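Visitor: How does the following fold in three dimensions:
(one chain, ligands or ions: 1)
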Amino acid sequence: MPGHKGRSFLGCEPYDLTEVFGADVLSQATGIIGESEANATALFDTAHTFYSTEGSTLAIMTMLSLAVMTSGEKRPVILAARNAHKAFLYAAAWLDFEILWLMPKEQEHLCSLTVTANDVEKALTSSHKRVAAVYLTSPDYLGAVTDLSAIASVTKAHGIPLLVDNAHGAYLKFTDPDRHPITLGATACCDSAHKTLPVLTGGAYLHIAKDAPREYIENARMVMASFASTSPSYLILGSLDLANRYLAETFFDKFSALMPNSDKFRQRLLALGFSLYGDEPLKITVDAASIGTTGEALSAFLRSHGIECEFADRRYLVMMLSTETTAEELTRTAEVFTEAALKLRREGASEQNPPTLALLPSAMTPRQAMLSPSETVPIAEALGRIAHSPTVSCPPAIPIAVSGEVITEQAIRLFEYYGITTVAVVKA
Ligand SMILES: Cc1ncc(COP(=O)(O)O)c(C=O)c1O
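Guide: Model (predicted):
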């Protein structure tokens, strides 16, 4: 193995090793992979940083398994913000934990809900069941960053772990100030290195904090291996390894050079009348309603000029920068926005707010729903049916109806808003 024998088909095959002598084994990592993880561990200042070649998705499954294993409870409760990526929902189904949701406030976008230390404190003290862990997504899909340090003070006072989906914020460790979840007090977090660092798609980290329960560090590798392929990509491992040097030597200077250009870009958008949302440095989220258009129309306009954004819905358009984004690319994008503002501006158009999502009634656990036979129905016929698998558009892969929940009128209005036409439901 591998069958390509190092000959070029795609071109990358000569680098695509397998567990040959000297190449180490990710699920044991006592050789060069172990050394490379040790470098990442030192860079992120964690108890251990584990490599994932299967994205944050694998790291999320692993950290939730660790929380379940150490809870000492048969069906532990996880307090989670509702803007969770579907990886969290799959974990809920397969690990069979109970979810206590922190829901969006009035007019908040499904992708971006503000969770404060006060919200977490209130939820923990008012829950009649013991909460085993708190699970938050920060930065969120629209670029809002949660005050994790205040929330970590609350979870520490309650003696429970804080788990963070930091898929979008690997780089936050290397900015000034350091805003990485582990620095701010999280017990464990995932980072999709591939989203914001020069790492091949699939490359991610699972970070365990120095003050995490001992069992987290002892069991993480075994748990991760139990969900992962026994053939991790050495291309991705090599890419994660190279990223260590980039983070140690190159990232900060490139980031410092990018920031004035991205500020200039933001200023140009503001001068054109666009409002911006969020405070994550590498995400630029444009509120298309501010010029009376939609995120989708803006996105189509950019695409017709050779620019692909990360995500667009009726209201917002999200762009992701990285330290590999050039000043020329930002200047060119600003020019296209200038044209877009001329062509798409509409006076007095109504705001494109999504309907607010209230807690849907639950008829089954996520596990019961996911293990039931399913069928796909048009949303017009979905009222009162039980959601089977998380119904989401990808991106952002944030479910409107979670497996086991009953689909209400309001959920149907949200499906319509996000352009979802069919939904998987439990077979009647
Ligand atoms: C917030 C969030 N969490 C988790 C994931 C999963 O990350 P990955 O694709 O690295 O598995 C994504 C992917 O888009 C995401 O946006």
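Visitor: which element is the residue nearest the centre of the chain on?
Guide: Nearest to the geometric centre of the chain sits residue 167, at 4.1 Å (Cα atoms, centre = their mean). Of the helices and strands defined by DSSP states H and E, none includes residue 167.
Visitor: Tell me if residue 231 really is in a helix.
Guide: No - with DSSP: H, G, I helix; E, B strand; the rest coil as the criterion, residue 231 is coil rather than part of a helix.
Visitor: Apart from its chain neighbours, what residue comes closest to it?
Guide: Nearest residue to residue 231, sequence neighbours excluded (Cβ to Cβ, 6 or more residues apart in numbering): residue 18, at 6.8 Å. Where C-beta positions appear, they are placed from N, C-alpha and C, glycine not excepted.
Visitor: Against residue 199, how distant is that neighbour?
Guide: Distance, residue 18 to residue 199, by Cβ to Cβ, to the nearest Å: 20 Å.
Visitor: try residue 73
Guide: On the measure of Cβ to Cβ, residue 73 and residue 199 end up 36 Å apart.
Visitor: Could you do residue 412 as well?
Guide: Distance from residue 412 to residue 199, by Cβ to Cβ: 39 Å.
Visitor: buried ones in stretch 123-135?
Guide: For stretch 123-135, a neighbour-count test (16 or more other Cβ atoms under 10 Å) marks 123, 124, 131, 132, 133, 134, 135 as buried.
Visitor: Isn't residue 298 up against residue 285?
Guide: No - assessed by Cβ atoms under 8 Å, residue 298 is found out of contact with residue 285, at 11.5 Å.
Visitor: and residue 406, how many residues sit next to it?
Guide: 18 (other Cβ atoms under 10 Å).
Visitor: and if you look at residue 94?
Guide: Applying other Cβ under 10 Å, we find 16 residues neighbouring residue 94.
Visitor: Counting neighbours, go ahead and name the busier of residue 412 and residue 199.
Guide: The neighbour comparison of residue 412 against residue 199 (other Cβ under 10 Å) goes to residue 199, with 23 against 20.
Visitor: dump the residue contacts of the closest residue to that one other than its chain neighbours.
Guide: Spatial nearest neighbour of residue 199, excluding adjacent residues (Cβ to Cβ, 6+ apart): residue 193 at 4.0 Å. Residues near residue 193 by Cβ atoms under 8 Å, 6 or more residues apart in numbering: 170, 199, 203, 204, 205, 240, 243.
Visitor: for residue 51, same thing?
Guide: Residue 51 is in contact with 26, 33, 36, 37, 40, 203, 204, 205, 237, 240, counting by Cβ under 8 Å, 6+ apart.
Visitor: That one: which element?
Guide: Residue 51 belongs to strand 48-52, assigned by DSSP H and E.
Visitor: Just the C-alphas of whichever helix or strand comes after that strand, formatted as CSV.
Guide: Going down the chain from strand 48-52, the next helix or strand is helix 55-71, by DSSP H and E. The C-alpha coordinates for helix 55-71 follow below in CSV (Å, rounded to 0.1, in the frame of the first residue of the first chain):
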residue,chain,number,x,y,z
GLY,A,55,-11.7,17.6,10.5
SER,A,56,-13.2,19.2,13.6
THR,A,57,-16.0,16.7,13.1
LEU,A,58,-13.8,13.9,14.5
ALA,A,59,-12.5,16.2,17.3
ILE,A,60,-16.1,17.2,18.3
MET,A,61,-17.1,13.5,18.5
THR,A,62,-14.1,12.9,20.6
MET,A,63,-14.5,15.7,23.1
LEU,A,64,-18.1,14.9,23.6
SER,A,65,-17.3,11.3,24.2
LEU,A,66,-14.7,12.3,26.8
ALA,A,67,-17.3,14.5,28.5
VAL,A,68,-19.8,11.6,28.5
MET,A,69,-17.2,9.1,29.8
THR,A,70,-16.1,11.3,32.7
SER,A,71,-19.6,12.4,33.7
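Visitor: Excluding sequence neighbours, find me the nearest residue to the residue in the stretch 1-150 of the chain that the ligand sits nearest to.
Guide: Here the stretch 1-150 of the chain gets closest to the ligand at one residue, residue 55, 2.3 Å apart by Cβ to the nearest ligand atom. Distances taken as Cβ to Cβ, 6+ apart put residue 204 closest to residue 55, at 4.9 Å, once the chain neighbours are dropped.
Visitor: Can you name the residues of the stretch 151-300 of the chain sitting close to the ligand?
Guide: 165, 167, 168, 192, 204 (Cβ under 6 Å from any ligand atom).
Visitor: now do 5 Å
Guide: 165, 167, 192, 204 (Cβ under 5 Å from any ligand atom).
Visitor: For burial, what's the neighbour tally of the third one?
Guide: Counted with other Cβ under 10 Å, the burial measure for residue 192 works out to 24 neighbours.
Visitor: measure residue 260 to the ligand for me?
Guide: Distance, residue 260 to the ligand, by Cβ to the nearest ligand atom, to the nearest Å: 27 Å.
Visitor: Quick check: that residue vs residue 279, distance?
Guide: For residue 260 relative to residue 279 (Cβ to Cβ), the value is 17 Å.
Visitor: So which elements touch the helix ranked longest in the chain?
Guide: Longest helix of the chain, by residue count under DSSP state H: helix 251-271. Secondary-structure packing of helix 251-271 (3 or more Cβ pairs under 8 Å, 6 or more residues apart in numbering; DSSP states H and E): strand 275-277, strand 283-287, helix 327-344.
Visitor: quick one, that helix and strand 283-287 angle?
Guide: Calculated by axes from the mean of the first three to the mean of the last three Cα atoms, to 10 degrees, helix 251-271 forms an angle of 10 degrees with strand 283-287.
Visitor: What is the neighbour count of residue 36?
Guide: 21.
Visitor: Ignoring the adjacent residues along the chain, who's closest to it?
Guide: Distances taken as Cβ to Cβ, 6+ apart place residue 241 nearest to residue 36, at 4.3 Å, with adjacent residues excluded.
Visitor: and the gap between the one you found and residue 234?
Guide: As for residue 241, its distance to residue 234 is 10 Å (criterion: Cβ to Cβ).
Visitor: re earlier: just list the residues touching the residue nearest to residue 55, thanks.
Guide: Taking Cβ under 8 Å, 6+ apart, we find residue 204 in contact with 51-56, 58-59, 167, 190-194.
Visitor: So what does it have for phi and psi?
Guide: phi -150, psi 170 (degrees, to the nearest 10).
Visitor: What segments of the stretch 1-150 of the chain are strands?
Guide: Secondary structure of the stretch 1-150 of the chain (DSSP state E, counting those that start in this stretch): strands located at 48-52, 77-81, 98-102, 131-137.
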